[in-house]
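Novice: Generate coordinates for the sequence data below:
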Amino acid sequence: MDYAAYDELEQRLVDAVMAKEIDQESMRTELERLHSLVPTVEPAADRERAERSFASLQSALNYKVPPMSDELAAAIQVQSRALLSNATSTERVELLETAIAEIGRIAATVSGAEASRIRHLSEPLAMDLEAIRNTSDPNHHGGTPGSAD
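Specialist: Just a heads-up that it's a prediction; the model follows:
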């Protein structure tokens with residue numbers, strides 16, 4: 001198995017956990033299945049990468065945290081879909097703008113620290129959006145603001 005195939009299976013499990021679409025027993029079964037696939041990843045350097053990734057995933061899934069609200073889980077899923085997209089630059093701009101707006105709508109349904117945590121999920125999306133716009137802008141020459149480029 002190549003690393004990309006392993007990584008895709010691992011990401012599916014992460015997505016299912018984040019979306020609360022999988023129960024604990026099924027998660028454990030999937031985790032065991034992933035663990036059994038790690039030794040099949042070739043070449044050896046990719047197998048080591050899969051081992052590290054699996055160990056990190058296992059640690060994260062075994063970490064005892066307070067229950068995540070449905071709103072936070074939904075916002076994380078929106079963020080993940082936007083960040084992991086392989087769309088064109090033009091499509092990514094639209095996807096990122098939509099995701100930022102959706103996260104804002106989700107944050108508006110809760111209050112206090114929870115709303116702040118959810119809104120914070122938009123920051124990496126906004127940074128990606130800015131990076132795309134800067135590289136797509138023919139007038140942008142990579143200089144620092146206020147410089148003569």
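Novice: wait, R49 sits on Y3?
Specialist: Yes - between R49 and Y3 a contact is recorded at 6.0 Å, counting by CB atoms under 8 Å. Where you see a C-beta, it was placed from the backbone N, CA and C, and this is true even at glycine.
Novice: So the nearest residue to R117 once chain neighbours are set aside, which state does it fall into?
Specialist: The spatially closest residue to R117, leaving aside those adjacent along the chain, is L72, at 6.4 Å (CB to CB, 6 or more residues apart in numbering). Following DSSP: H, G, I helix; E, B strand; the rest coil, L72 is assigned to helix.
Novice: Got the confidence number for L72?
Specialist: With respect to pLDDT, L72 scores 91.
Novice: My guess is it contacts E114. True?
Specialist: Yes - the pair L72 and E114 passes the contact test of CB under 8 Å, sitting 6.7 Å apart.
Novice: Looking at those two, which is more packed in?
Specialist: L72 (19 against 15; other CB atoms under 10 Å).
Novice: Please name the residues that touch the more buried one.
Specialist: By CB atoms under 8 Å, 6 or more residues apart in numbering, the contact list for L72 reads E114, R117, I118.
Novice: mean confidence for stretch 98-118?
Specialist: Stretch 98-118 comes out at a mean pLDDT of 95.
Novice: Same check on stretch 50-67?
Specialist: On average, stretch 50-67 scores 80.
Novice: which parts of that stretch are buried?
Specialist: By 16 or more other CB atoms under 10 Å, the buried positions in stretch 50-67 come out as A50, S53, F54, L57.
Novice: on contacts alone, who are the packing partners of the host helix or strand of R92?
Specialist: Counting by DSSP states H and E, the element that carries R92 is helix 89-107. Here helix 89-107 touches helix 70-83, helix 112-120, helix 122-136, going by 3 or more CB pairs under 8 Å, 6 or more residues apart in numbering; DSSP states H and E.
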